[in-house]
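J.: The following block contains a protein sequence and its predicted model.
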Amino acid sequence: MKARDLAKLAAAVLVLAAGLAVGSAAAIGSQTNPQSGSTGLEATVPGAAPTQAATIGVPANGQVFTSTPITVSGLCKTGLLVKIFSNNVFTGSVTCVNGSFSLKVDLFSGRNDLVARVFDALDQQGPDSNTVSVTFRDAQFAQFGTHMTLSSSYARRGANPGDKLTWPFILSGGTAPYALSIDWGDSSAADLRSVSFPGIVNTSHIYTQAGVYTIVAKATDANGTSAYLQVVGVANGKISGSISAGTSSQASGNGKTVILWQPLLAAVPLLLAAFWLGRRHELYAIRHSLETSREQY
């Protein structure tokens, strides 16, 4: 094959690769999602409920406390939601991280039987932990004859980033009015509000980034008695990623135009091979011409 023919071959390969890239971009850009007549289907197949119970290591059985909140910690299976119950009443929740959990909970006056219960993402409950019995000597209850509690029907609640997450807290006992403080766990300023009557208090927050956050709510009544509740807030949704190397994308109307460089990259070895063969043939032709000239003279 002559050098001129090899050059033509290389040019043809280059044109073919460019055509493939443009054709791929046109094909992708012409699609509109969802397409007319298409049907989307989403389903969740539940797995088995958790089989491994959490273990409460702190506090110790029989401990006596004179102030709250107290720290409850122990071992658990990573990824599960751990709910703490005192006398079978929900008092706080936290996500198990690296095989352990730790959170602060309020206590009732007198004896408190603490139990940790684990739940998976589908809210399927696992077995109960060991029971730890502690005592809370409530000086404020003895002084004012009433005990304030802060609770919620939810241990974990979520929303997409940018959407409003609404959380109802339940205030009971104590003496109105109340001061309620909520730390949403995302480094934003705590929400402060005054509540005139006991009952359900609806609060809301907007997370800007996906993640799992520790929400801490604190309430204080007119007598200075306090209540505490820790729960888990989830900001779900898609996390925007960077565009992969070698691909350029641009939104245009309902379609999406994508320029694919892969065909050109695949053609590079062919172009190098064609160049090498053409160069070799050219040197061979020059050498042959010189040898022929010597023989003639």
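T.: Now that the structure is in, tell me what you want to look at.

J.: quick one: residue 204 and residue 166, what's the gap?
T.: Noted for residue 204: a distance of 5 Å to residue 166, by CB to CB, to the nearest Å. Heads up, the C-betas are built off the backbone N, CA and C, glycines and all.

J.: And for residue 234?
T.: 13 Å.

J.: now do residue 192
T.: 18 Å.

J.: cool, residue 215 as well?
T.: Taken as CB to CB, the span from residue 215 to residue 166 is 12 Å.

J.: Between the two, which is the more surrounded one?
T.: residue 215 (23 against 12; other CB atoms under 10 Å).

J.: tell me which element that one falls in.
T.: Secondary structure from DSSP states H and E places residue 215 in strand 211-220.

J.: contact partners of that strand?
T.: Strand 211-220 is touched from outside by 94-95, 103-104, 148, 150, 152, 167, 169, 171, 174, 178-186, 195, 207, 226-235, with contacts defined as CB atoms under 8 Å, 6 or more residues apart in numbering.

J.: Looking at it now, give me its mean pLDDT.
T.: Mean pLDDT, computed over strand 211-220, is 96.

J.: send the alpha carbons of stretch 77-93 over as CSV?
T.: Extracted C-alpha coordinates of stretch 77-93, given in CSV (Å, rounded to 0.1, in the frame of the first residue of the first chain):
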residue,chain,number,x,y,z
LYS,A,77,-25.5,-3.2,64.5
THR,A,78,-24.2,-0.4,62.3
GLY,A,79,-26.9,1.3,60.3
LEU,A,80,-29.9,0.5,62.5
LEU,A,81,-32.0,3.0,64.3
VAL,A,82,-31.8,2.6,68.1
LYS,A,83,-34.8,3.8,70.1
ILE,A,84,-34.6,4.1,73.8
PHE,A,85,-37.7,3.4,75.9
SER,A,86,-38.2,4.2,79.6
ASN,A,87,-41.0,2.4,81.3
ASN,A,88,-42.1,1.5,77.7
VAL,A,89,-42.3,5.1,76.7
PHE,A,90,-40.2,6.5,73.8
THR,A,91,-37.5,8.8,75.2
GLY,A,92,-35.1,9.3,72.3
SER,A,93,-33.4,7.8,69.2
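
J.: Now do the buried residues in it.
T.: 77, 80-86, 90-93 (16 or more other CB atoms under 10 Å).

J.: repeat for stretch 218-225
T.: 218-221, 225.

J.: Which parts of the stretch 51-200 of the chain are helices?
T.: Under the criterion DSSP state H, counting those that start in this stretch, helices of the stretch 51-200 of the chain are mapped to 139-144.

J.: what about it, any weak spots by pLDDT?
T.: 142 (pLDDT under 70).

J.: Need the residues touching each of residue 234 and residue 166.
T.: residue 159.

J.: Please enumerate the strands of the stretch 101-250 of the chain.
T.: 110-119, 125-128, 132-136, 149-151, 156-159, 164-172, 178-183, 191-195, 199-206, 211-220, 226-235, 247-252 (DSSP state E, counting those that start in this stretch).

J.: For residue 70, which of the ones you listed is the nearest?
T.: strand 132-136 (7.5 Å; CB to CB).

J.: List the strands paired with the closest one, with their directions.
T.: Under the criterion DSSP bridges, strand 132-136 sits next to strand 64-65 (parallel), strand 110-119 (antiparallel) in its sheet.

J.: what does it rub up against?
T.: Residues contacting strand 132-136 (CB under 8 Å, 6+ apart): 56, 59-66, 68, 70, 107-115.

J.: Next: stretch 88-97.
T.: Residues contacting stretch 88-97 (CB under 8 Å, 6+ apart): 54, 72, 76-85, 101-108, 113, 115, 118, 151-152, 155-156, 212, 214, 229-232.

J.: count of neighbours near residue 148?
T.: Residue 148: 23 neighbours (other CB under 10 Å).
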